[in-house]
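Q: sequence? don't have it. structure:
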């Protein structure tokens, strides 16, 4: 038997991760403002099959496409019931990315990936660098590319530098800080 989370629990855990890890550690230097302005949507997709998740992603991309940035900057689609295996999740990313091409959204939107077992290519699963993309549940982050470009112009810096800065930041955390920021990685498995 696995732990059954309510939609509210999933939203709260995702919000806590967003605020404490993504914003708190400044892993995304331009996430704080949209969060303060309530422009980040967390959509819990309760689907248990690929097609339902694809439908959720399409609905959320369409909503982004029909919404003003001032109302909706970005969306986190959380899939708590599917893609528990990181390899399955990673393979589905390619399929999800096809939606962007299919609807002519290449260069307009992109999908960033977060997962409890996220593992960069050529890195061991237990390597601390993976913490930069570890979330309490599988997450598809739907991002407006224009917002990224605008943020870089405003905040300065180079987009290519962010991953290494983030890796250095999470690798510098103490064990107690890791346990406090990533409690979902240290829970005993459900029986």
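A: That came through, no problem. All values reported here derive from a predicted model rather than from experimental measurement. Numbers count the residues shown, from 1 in each chain.

Q: for the protein, give me the ranges with low pLDDT.
A: For the chain, applying pLDDT under 70 flags the ranges 1-3, 155-157, 188-191.

Q: let me see the ranges of the strands in this structure.
A: With DSSP state E, the ranges of strands along the chain come out as 40-44, 74-78, 109-114, 139-144.

Q: show me how far the third one is from its chain's centre.
A: For strand 109-114, the distance from its own C-alpha centre to the chain's C-alpha centre is 7 Å (CA atoms, centre = their mean, to the nearest Å).

Q: hmm, back to that, okay if I get the strands of the chain as TSV plus distance to residue 94 and mean neighbour count?
A: Heads up, the C-betas are built off the backbone N, CA and C, glycines and all. Shown next, in TSV, are these (distance: least, CB to CB, whole Å; neighbours: other CB atoms under 10 Å):
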stretch	distance to residue 94	mean neighbour count
strand 40-44	21	19
strand 74-78	16	24
strand 109-114	10	18
strand 139-144	12	23
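
Q: can you put the ones you listed in JSON lines and add distance to residue 7?
A: Shown next, in JSON lines, are the strands of the chain (distance: least, CB to CB, whole Å):
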{"stretch": "strand 40-44", "distance to residue 7": "5"}
{"stretch": "strand 74-78", "distance to residue 7": "9"}
{"stretch": "strand 109-114", "distance to residue 7": "18"}
{"stretch": "strand 139-144", "distance to residue 7": "15"}
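
Q: which one of those lies nearest to residue 165?
A: The closest of the strands of the chain to residue 165 is strand 109-114. By CB to CB, the value is 16.0 Å.

Q: ok and that closest one relative to strand 74-78, angle-wise?
A: 50 degrees (axes from the mean of the first three to the mean of the last three CA atoms, to 10 degrees).

Q: just the residues contacting strand 109-114, thanks.
A: 57, 61, 64-65, 89-90, 93, 96-97, 100, 133-135, 138-145, 148 (CB atoms under 8 Å, 6 or more residues apart in numbering).

Q: for residue 127, which of the strands of the chain is the nearest?
A: Closest to residue 127 of these, according to CB to CB: strand 109-114, at 16.2 Å.

Q: now the helices for the protein?
A: For the chain, the helices defined by DSSP state H occupy 7-17, 32-36, 50-66, 86-102, 145-155, 162-171, 175-181.

Q: and those helices: which comes nearest residue 129?
A: Of all the helices of the chain, helix 162-171 comes closest under CB to CB, at 4.4 Å.

Q: now do the buried residues in that closest one.
A: Buried residues in helix 162-171, defined by neighbour count with 16 or more other CB atoms under 10 Å: 162, 166, 167, 170.

Q: give the contact list for the first one.
A: Yep, that's residue 162 we're talking about. Contacts of residue 162 (CB under 8 Å, 6+ apart): 28, 29.

Q: could you measure from it over to residue 30?
A: 10 Å (CB to CB, to the nearest Å).
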